[in-house]
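S.K.: give the three-dimensional model of this entry:
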Amino acid sequence: QVQLVESGGAQVQTGESLRLACIVSGGAFSSYDMGWFRQAPGKEREFVSFINFRGDSTNYADSVKGRFTGSRDDAKNTVYLQMNNLKPEDTAVYYCAASVGGPLLKPEAYDYWGQGTQVTVSS
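M.R.: Numbering: from 1, shown residues only. Okay, the predicted model is just below:
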C-alpha cells in the first residue's frame, strides 16, 4: 500500500520561507511523477507544482513561479517544496500526490495522495 505523509507546514509571516516534505512508502517512488497541490477554504484544489520521475523536469503554477522550487531525493523517497517569499494568498492545505503517468497538472491524474499539511501566512 502506497502512503504519502507531508510535513513542514506552519504559520509564518509574509515574506518568510517554509520547506514542505513528503515521504512516500510502500511503492516505487523513483517511478512516480510527484505533484504538489493546495486547497484553501471554500476553493477547489489547485495545482502548485510537479517534478517528473527523473527529477529533470518541473512545472509551476504562475502564482508561485519564481518563489517555489520542487525537488526530490530518491534515496530518501522524499519530495520537497521550498516556498520562499510567502504571501497570505498562499494560505492553504498543501497536498503531495504521486502519479504513474498522465496529464500532471490535474488532480485526477494522480493515483496516491497524502493527508495534507497546513500552511498559514499572516500579513
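S.K.: wait, doesn't L81 sit right on Y95?
M.R.: No. In this structure L81 lies outside contact range of Y95 using C-beta atoms under 8 Å: 10.6 Å. No exception for glycine: its C-beta is placed from N, CA and C like everyone else's.
S.K.: among these two, which residue is more densely surrounded?
M.R.: Just comparing L81 and Y95: by other C-beta atoms under 10 Å the higher neighbour count belongs to L81, 27 against 23.
S.K.: circling back to that earlier point, list the residues that contact both of L81 and Y95?
M.R.: Common contacts of L81 and Y95, defined by C-beta atoms under 8 Å, 6 or more residues apart in numbering, comprise W36.
S.K.: tell me the secondary structure for the most centrally placed residue in the chain?
M.R.: By C-alpha atoms, centre = their mean, the chain has its centre lying nearest to W36, at 2.4 Å. Assigned state for W36: strand (three-state reduction, DSSP: H, G, I helix; E, B strand; the rest coil).
S.K.: how close does it get to T120?
M.R.: 17 Å (C-beta to C-beta, to the nearest Å).
S.K.: flag the shaky bits of this protein, pLDDT-wise.
M.R.: For the chain, residues meeting the criterion pLDDT under 70 lie at 102-103.
S.K.: Q11: neighbouring residues, count only.
M.R.: Residues contacting Q11 under the criterion other C-beta under 10 Å number 12.
S.K.: could you find the closest non-adjacent residue to it?
M.R.: In space, not counting the residues next to it along the chain, Q11 is nearest to T120; the distance is 4.2 Å by C-beta to C-beta, 6 or more residues apart in numbering.
S.K.: show me what the strand or helix carrying the one you found is packed against.
M.R.: Under the assignment given by DSSP states H and E, the secondary-structure element containing T120 is strand 117-122. For strand 117-122, the helices and strands in contact under the criterion 3 or more C-beta pairs under 8 Å, 6 or more residues apart in numbering; DSSP states H and E are strand 11-13, strand 18-25, strand 92-99.
S.K.: out of those, which is closest to S71?
M.R.: Nearest of the helices and strands packed on strand 117-122 to S71, taken as C-beta to C-beta: strand 18-25 at 9.5 Å.
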